[in-house]
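**Q** any chance you could fold what I've pasted below:
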Amino acid sequence: MRFDPQTAQMVCAHCGNTQALQQGPWAKATIRELDFATALDDELPAPEMEVTRVSQCPNCAAQVAFDPNIHAKECPFCATPVVTETGAHRHIKPKAVLPFAFDEPTAHDAMNDWLGALWFAPNGLKAYARKGRKMDGIYVPYWTFDADTTSRYTGERGTVYYESRRVVRNGKSTTVQVARVRWRPARGQVARFFDDVLVLASKSLPKTFTDGLAPWNMTALEPYAPEYLAGFRAEGYSVPLKEGFVEARAIMDSAIRRDIRFDIGGDRQRIHQVETSVRGVTFKHILLPVWVAAYKYRGETYRFVVNGSTGKVQGERPYSAAKIALAVAAGLVLAACVGYLYAMNQ
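**A** Alright, predicted model coming up:
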């Protein structure tokens, strides 16, 4: 049985019979947060941990679960040959999954449309990608963090006012308005509860790719069930929980500074000091759906990713030297024609 994104049901590849996912033992599961401090102390209950067998790519370090019957495969993230049968990966179990919403042919069409819109992309790569191998459906790991914060700050509130000044322009004296800022001390407190701060837990794809796939519909998350992974692969996380929270704190701090500027008010703001108290930090390990294609073309690897929920595409932006040279030549010819016509009309 495999999970079919089109019907959101389990489908038998041999006879075509279907089964509703809700009939399984996970039907009444809920998405629960885990305590961050407990996890850092390595004291999570045993049921929250699992051991999976993964293969690690020697090039991009991706850790992807393969079918145990397959002994050699290309890495779906960079097309590097990978020999399977590496080792066990003990990790925190996923708590939620965003199921794939469409199948591989639809993802392939989205990638082809994206490539087709890149005029400077080599035609050979476009043709190769269109008839190339299928894309891989992979669940990519993320952390989400919740936290309650209170921040005390000191700073300054600036009010813009204008002064008249006499200046000489083109030999004539004139009056202009010059902006000035009057600063006054400011202090206060802001509070914010952060819900599901999303942090990529993988290092196999450039962050610009995964950031470009956002936003993700977090309201469509489902409690994790192994059935969702049937017919797909799942990448093990390579960003430790503690390291993930460092990035989450940076995201939180950026939002807190925006809150402080709004709280200070005025026309301008200066922030001198911020002291933030963070309480009740919880987290969860989730899996988000990505269709991945990696193509080797003329010695170079080009990677493309498609958001398995929305169809948004990101990837390497290949350039054709011939097309660029043609565009430059056409621009020079056009400029010469415009210059000639201008000269003729003088």
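
**Q** is the closest residue to Tyr224 other than its chain neighbours in a helix, a strand, or coil?
**A** Spatial nearest neighbour of Tyr224, excluding adjacent residues (Cβ to Cβ, 6 or more residues apart in numbering): Pro94 at 4.4 Å. Yep, even glycine has a C-beta here, placed from its N, CA and C like the rest. What DSSP: H, G, I helix; E, B strand; the rest coil gives for Pro94 is coil.

**Q** and Pro94, backbone torsions?
**A** Backbone geometry at Pro94, expressed as degrees, to the nearest 10, gives phi -70, psi 140.

**Q** try Arg249
**A** Per-residue torsions, Arg249: phi -60, psi -40 (degrees, to the nearest 10).

**Q** what number of residues lie near it?
**A** By the criterion of other Cβ atoms under 10 Å, Arg249 has 20 neighbours.

**Q** got a list of what it touches?
**A** Listed by Cβ atoms under 8 Å, 6 or more residues apart in numbering, the contact set of Arg249 reads Val278.

**Q** report the separation between it and Lys242.
**A** Applying Cβ to Cβ, to the nearest Å, the value for Arg249 to Lys242 is 11 Å.

**Q** the nearest residue to Gln189 once chain neighbours are set aside pairs with what?
**A** Leaving aside its sequence neighbours, Gln189 sits nearest to Arg152 (Cβ to Cβ, 6+ apart; 5.1 Å). Beta-bridge partners recorded for Arg152 (DSSP bridges): Gln189, Glu275.

**Q** pretty sure Arg152 contacts Glu275?
**A** Yes: with contact defined as Cβ atoms under 8 Å, Arg152 reaches Glu275; the gap is 5.0 Å.

**Q** looking at these two, which has the bigger crowd around it?
**A** Ranked by neighbour count (other Cβ under 10 Å), Arg152 and Glu275 place Arg152 first, with 14 against 10.

**Q** how close does that one sit to Pro185?
**A** 14 Å.

**Q** and what of His91?
**A** From His91 to Pro185 the distance is 49 Å (Cβ to Cβ).

**Q** how about low-confidence regions in this protein?
**A** For the chain, residues meeting the criterion pLDDT under 70 lie at 22-29, 60-61, 65-73, 78-79, 81-87, 116-133, 296-299, 317-346.

**Q** please enumerate the helices of it.
**A** In the chain, the helices defined using DSSP state H lie at 36-40, 104-116, 123-130, 207-213, 241-264, 321-344.

**Q** what helices or strands is the second one leaning on?
**A** What that stands for is helix 104-116. helix 123-130, strand 268-297, strand 300-307, strand 313-315 (3 or more Cβ pairs under 8 Å, 6 or more residues apart in numbering; DSSP states H and E).

**Q** returning to what we had before: and His91 and Pro185? Which one has more around it.
**A** Shown here are His91 and Pro185; by other Cβ under 10 Å, His91 has more neighbours (20 against 10).
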